[in-house]
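Q: no sequence on this one, just coordinates:
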């Protein structure tokens with residue numbers, strides 16, 4: 001094993017240990033209650049909106065808002081996480097955030113300098129989910145993609161986050177989110193927020 005591979009494996013174990021320690025301190029909610037509450041939210045959107053694309057857009061918007069606020073909590077609870085200007089270094093923040101938000105350990109698979117895949121072997125939002133025939137193409141978990149996009153935006157990375165594999169798309173084994181960097185955002189507030 002090369003020195004860099006050994007260092008990466010050690011760093012990954014350290015991050016996972018930190019995420020687990022933070023998870024142990026976190027107040028817990030019943031996973032079934034959480035899944036049912038999310039299911040009720042999606043069911044309400046299905047009643048209110050006609051097209052799957054509208055439902056997914058609303059879930060993405062909600063997730064984006066959650067991610068923007070949630071990243072502050074993650075960084076406050078884990079001050080040892082370094083916020084970097086390097087996109088690939090956001091994987092540590094993502095690992096800790098997914099552990100805090102969902103209680104699951106994720107694996108990050110990198111394929112290029114501007115993208116990675118977040119793999120989850122379990123997804124607590126999918127408990128009790130059975131989509132009707134007319135909603136089989138609904139991305140039920142679009143909230144997670146929006147949340148991840150919002151978190152990365154607050155870290156100054158504009159990304160596309162998409163669901164590449166899930167139990168609703170026929171893959172019963174794993175759930176994957178693909179993250180692709182579009183651009184690095186400028187630090188600070190935009191022109192519309194500048195004082196005169």
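A: Sure, I can see it. Remember, predicted model here, so these are calculated numbers, not experimental data.

Q: where does residue 116 land in three-state SS?
A: Three-state call for residue 116 (DSSP: H, G, I helix; E, B strand; the rest coil): strand.

Q: quick one, what contacts it?
A: Neighbouring residues of residue 116 by Cβ atoms under 8 Å, 6 or more residues apart in numbering: 88, 91, 108-110, 179. No exception for glycine: its C-beta is placed from N, CA and C like everyone else's.

Q: By neighbour count, which of those residues wins?
A: Scoring these on neighbours with other Cβ atoms under 10 Å, the highest-scoring entry is residue 179 at 25 neighbours.

Q: What residues sit buried inside the helix or strand hosting that residue?
A: Residue 179 belongs to strand 175-184 when assigned by DSSP states H and E. Buried residues in strand 175-184, counted by 16 or more other Cβ atoms under 10 Å: 175-179, 181.

Q: go on, stretch 117-137?
A: For stretch 117-137, the neighbour count (16+ other Cβ under 10 Å) marks 117-118, 120, 123-126, 129 as buried.

Q: Same check on stretch 58-68?
A: Within stretch 58-68, the residues that count as buried by 16+ other Cβ under 10 Å are 58-60, 62-64, 66-68.

Q: Quick check: which ranges of the protein have low pLDDT?
A: Applying pLDDT under 70 to the chain picks out residues 1-31, 166-173, 187-196.

Q: So for it, the centremost residue is which one?
A: The structure's the chain has its C-alpha centroid closest to residue 148; by Cα atoms, centre = their mean the separation is 3.5 Å.

Q: quick one: secondary structure of that residue?
A: At residue 148 the chain is in helix, as set by three-state DSSP.

Q: now it: how far from residue 36?
A: Computed as Cβ to Cβ, to the nearest Å, the residue 148 to residue 36 distance reads 23 Å.

Q: Looking at this protein, which helix is longest?
A: In the chain, taking DSSP state H as the definition, the longest helix is helix 52-77.

Q: And that helix, how far out from the chain middle?
A: Taking Cα atoms, centre = their mean, to the nearest Å, one finds the center of helix 52-77 at 8 Å from the center of the full chain.

Q: need the strands for this protein, in chain order.
A: 106-112, 115-120, 157-165, 175-184 (DSSP state E).

Q: which one of those strands lies closest to residue 48?
A: strand 157-165 (21.8 Å; Cβ to Cβ).

Q: tell me which residues in the closest one are buried?
A: Quick answer for strand 157-165 (16+ other Cβ under 10 Å): 157, 159, 161, 163-165.
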